[in-house]
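**Q** Next come a sequence and a model predicted from it.
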Amino acid sequence: MKIAACYIRVSTDDQLEYSPDSQLDKIRDFAKRNGMLLPDDNIFIEEEGVSGRKAERRREFQKMIAAAKSKPKPFDVILVWKFSRFARNREDSIVYKSVLRKQLGIDVISVSENIGDDKMSVITEAIIEAMDEYYSINLGEEVKRGMTEKAKRGECCSIAPFGYELKEKKLVINTEQADIIREVFKRYVNGWGHKQIAVWLNELGIKTNRGGKIENRTVEYWLNNPVYHGYIRWTPTGKTDRNYNNPDSIIEKGDHEPIINEELWQKTQTRLKEQKLKHIRNRRENPPNEYALTGIVKCSCCGASLARSQKKYLQCINYAKGVCPKSHHVSMNEMQLMLYSAIGTDLTSGNFTLERANAPELHSNNTAVKNQIARAHLKLKRIKEAYENGVDTLEEYKANKERINYEILQLNSISADNEKEITPEEKRAFAKKHLKTLERLRDPKTGEAEKNRLMKQFIKRATFYKDEHKVTVIYLY
């Protein structure tokens, strides 16, 4: 008996589309007629309105693919209502089907498009997918054309920006948010910077419309958005990517009420231009990306990495965005000296935290092993259901039960090995080995990339505490 999974996605542009429940009913019926078991855990339903053009944007699809890669494989076949539900992009379709069929032994079957299983089915399936992709591309072009026409009429072409609500397809001012937007513009004109404004808003607990924290670029986007000035901006060629003077952008007078008056808008644009010119004049050549501390040191306040902020300094990346409230600015040379000193003290004294590394192989990862054990117990439940429903004979049930119980026994043994504590002898050997590594780190002849590689071999996380001016290290065994 085959174990099946199913993937369901509704296309909002297809008037003849079945609802998720209707698709599921058809898929369940197909599974039953073909002797397949479809457990509830193997049903993946995408939220309505999610685009099928790019697989990486579909969360349930990615969850299904991740589950398919588990060992032992949790299902033998993926059922879809139509092939277009699986992918509308031929490249995605080829890549994912190749991984599923050739590497994992999992077939993808359309329950409404019976293409058979002979050699001609390969051609038939390719023709169906090509037609689906053509339909999707053509639809995208039609949508873009319609959005462009809306922009030229001064109508909103996207979700409502912060400060507005969309009512009956028209932008209406959100009074509370509009007050915040006005204050942002006023503070910027009075000399506040993007980061300073972002920190202030985050301290007040202000969130974006998507529930995220306010970053520097959020403030920058607001200050450059003509919607607050009474205009609509639409870029048919794609996102602005912070190029607010994109010649491809359409900017037309909107039919909504402005939040910012003309005088404040012009003062804001003048200062934005002045700051941009100042930045260009003061900009230095980009320093080389390679430095020893890349990805090693974390901020004690928010846990984000410290990254190069100037040629010879580090700063918390979230502070640079205006999200973290505390600066962790420190020179790279000073940080290296602090880190090497901490490593030397730890390894010499023997008083340090050492954790086992999760090896890349699945069976060495204790969390993954426990997940496998849970799936094995789930399989025991399924084969019992199959026996009780008359799908399997008593002999088949006994054989499968014995096989799975033996698998659970082996997995429990692996899990127990992974949970063994590091012995004092292992800890002493670790310290002796990496005191020699420390010598190489301190050697001026060792290159920056090599130092980074060496540290990542035995450092799990180094945390910088700005106020105490210290570094703590957790090591990797």
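**A** Looks like it came in fine. Numbering: from 1, shown residues only.
**Q** what about the strands in the stretch 51-200 of the chain?
**A** In the stretch 51-200 of the chain, the strands defined using DSSP state E, counting those that start in this stretch lie at 77-80, 107-110, 164-167, 170-173.
**Q** Deepest in the core, which of these is it.
**A** Greatest average neighbour count among the strands of the stretch 51-200 of the chain goes to strand 77-80 (a mean of 23), per mean count of other C-beta atoms under 10 Å. C-beta: built from backbone N, CA, C; applies to glycine.
**Q** Serialize the strands of the stretch 51-200 of the chain to CSV and add fields for mean pLDDT and distance to residue 195.
**A** Shown next, in CSV, are the strands of the stretch 51-200 of the chain (pLDDT from 0 to 100; distance: least, C-beta to C-beta, whole Å):
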stretch, mean pLDDT, distance to residue 195
strand 77-80, 91, 47
strand 107-110, 85, 48
strand 164-167, 88, 25
strand 170-173, 90, 27
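**Q** do you know which of those lies nearest residue 382?
**A** strand 77-80 (14.6 Å; C-beta to C-beta).
**Q** Convert the C-alpha atoms of the closest one to PDB, please.
**A** C-alpha atoms of strand 77-80 as PDB (Å, rounded to 0.1, in the frame of the first residue of the first chain):
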ATOM      1  CA  VAL A  77       3.500   9.800  -4.000                       C
ATOM      2  CA  ILE A  78       2.200  13.500  -4.100                       C
ATOM      3  CA  LEU A  79      -1.300  14.000  -5.400                       C
ATOM      4  CA  VAL A  80      -2.400  17.300  -6.900                       C
END
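**Q** Output the contacting helices and strands for it.
**A** strand 2-8, helix 20-33, strand 107-110 (3 or more C-beta pairs under 8 Å, 6 or more residues apart in numbering; DSSP states H and E).
**Q** which outside residues touch the helix or strand that the second one is followed by?
**A** Read it as helix 20-33. Next along the chain after helix 20-33, taking DSSP states H and E as the criterion, comes strand 36-37. By C-beta atoms under 8 Å, 6 or more residues apart in numbering, the residues outside strand 36-37 that reach it are 1, 2, 3, 4, 30, 31, 77, 79, 382, 385, 386, 391.
**Q** picking up where we left off before, minimum distance to residue 458: which of the strands of the stretch 51-200 of the chain has it?
**A** Nearest of the strands of the stretch 51-200 of the chain (C-beta to C-beta): strand 77-80, 41.7 Å.
**Q** What strands line up against that closest one, and which way round?
**A** strand 2-8 (parallel), strand 107-110 (parallel) (DSSP bridges).
**Q** any chance of the ones you listed in CSV, plus distance to residue 355?
**A** Formatted as CSV, the strands paired with strand 77-80 follow (distance: least, C-beta to C-beta, whole Å):
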stretch, distance to residue 355
strand 2-8, 35
strand 107-110, 40
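**Q** Out of those strands, the one nearest residue 206 is which?
**A** strand 2-8 (37.0 Å).
**Q** Centre of the chain to the closest one, how far?
**A** 25 Å (C-alpha atoms, centre = their mean, to the nearest Å).
**Q** Report the angle between that strand and helix 20-33.
**A** 160 degrees (axes from the mean of the first three to the mean of the last three C-alpha atoms, to 10 degrees).
**Q** in the protein, which helix or strand is least confident?
**A** Each helix and strand of the chain was given a mean pLDDT (mean pLDDT, DSSP states H and E); the minimum falls on helix 120-152 at a mean of 56.
**Q** Just grab the bridge partners of residue 316 for me.
**A** Beta-bridge partners of residue 316, as defined by DSSP bridges: residue 306.
**Q** Let's see the pLDDT reported for it.
**A** With respect to pLDDT, residue 316 scores 92.
**Q** Contacts only, for it.
**A** 299, 301, 302, 304, 305, 306, 324, 326, 327, 328 are the contacts of residue 316 under C-beta under 8 Å, 6+ apart.
**Q** Same question for residue 45.
**A** 8, 9, 20, 24, 60.
**Q** per-residue confidence at it?
**A** The per-residue pLDDT reported for residue 45 equals 89.
**Q** just residue 424 next, same as before
**A** At residue 424, the model reports a pLDDT of 87.
**Q** again, but for residue 64
**A** 89.
**Q** Surely it touches residue 44?
**A** Yes: between residue 64 and residue 44 a contact is recorded at 4.4 Å, counting by C-beta atoms under 8 Å.
**Q** who has more neighbours, the two?
**A** residue 64 (23 against 20; other C-beta atoms under 10 Å).
**Q** Now do the more buried one against residue 233, distance only.
**A** Per C-beta to C-beta, to the nearest Å, residue 64 is found 38 Å from residue 233.
**Q** Kindly report the same for residue 180.
**A** 20 Å.
**Q** now residue 181
**A** 16 Å.
**Q** So between those two, which is more surrounded?
**A** Legend: neighbour count by other C-beta under 10 Å for residue 181 and residue 233, higher for residue 181 (22 against 19).
**Q** For the residue nearest to that one when sequence neighbours are not counted, which phi and psi angles does the backbone take?
**A** The shortest distance from residue 181 to any non-neighbouring residue, by C-beta to C-beta, 6 or more residues apart in numbering, is to residue 163 (4.3 Å). For residue 163, the backbone dihedrals (degrees, to the nearest 10) come out as phi 110, psi -10.
**Q** which residues does residue 163 contact?
**A** Going by C-beta under 8 Å, 6+ apart, the list of residues near residue 163 reads 173, 174, 177, 178, 180, 181, 228, 259.
**Q** who touches the spatially closest residue to residue 258 that is not a sequence neighbour in this structure?
**A** Leaving aside its chain neighbours, residue 258 sits nearest to residue 230 (3.6 Å; criterion: C-beta to C-beta, 6+ apart). Counting by C-beta under 8 Å, 6+ apart, residue 230 touches 253, 254, 256, 257, 258.
**Q** Buried among the residues you listed? Need that as a selection in PyMOL.
**A** Here is the PyMOL command that selects the buried residues among the contacts of residue 230 (16 or more other C-beta atoms under 10 Å):
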select buried, resi 254+256+258
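**Q** Go through the contacts of residue 230 and flag which are in strands.
**A** residue 253 (DSSP state E).
**Q** Surely residue 44 and residue 8 touch.
**A** Yes: using C-beta under 8 Å, residue 44 and residue 8 qualify as a contacting pair, with a distance of 7.0 Å.
**Q** follow-up on the earlier one: ok, of the contacts of residue 163, which one's closest to residue 455?
**A** residue 180 (43.3 Å).
**Q** Please tell me the pLDDT value assigned to the closest residue to that closest one other than its chain neighbours.
**A** Closest residue to residue 180 apart from its sequence neighbours, by C-beta to C-beta, 6+ apart: residue 206 at 6.3 Å. Per-residue pLDDT puts residue 206 at 91.
**Q** phi, psi of residue 206?
**A** According to degrees, to the nearest 10, residue 206 has phi -70, psi 140.
**Q** Of the helices and strands packed on strand 77-80, which is nearest residue 430?
**A** Comparing the helices and strands packed on strand 77-80 by their distance to residue 430 (C-beta to C-beta), the top pick is strand 2-8, with 43.2 Å.
**Q** pLDDT on that closest one, on average?
**A** 91.
**Q** Would you tell me which of the strands of the stretch 51-200 of the chain gets closest to residue 335?
**A** Of all those, it is strand 164-167 that lies closest to residue 335, at 44.6 Å by C-beta to C-beta.
**Q** what's the distance between that closest one and the middle of its chain?
**A** 28 Å.
**Q** show me what contacts residue 331?
**A** Counted by C-beta under 8 Å, 6+ apart, residue 331 has contacts 312, 313, 314.
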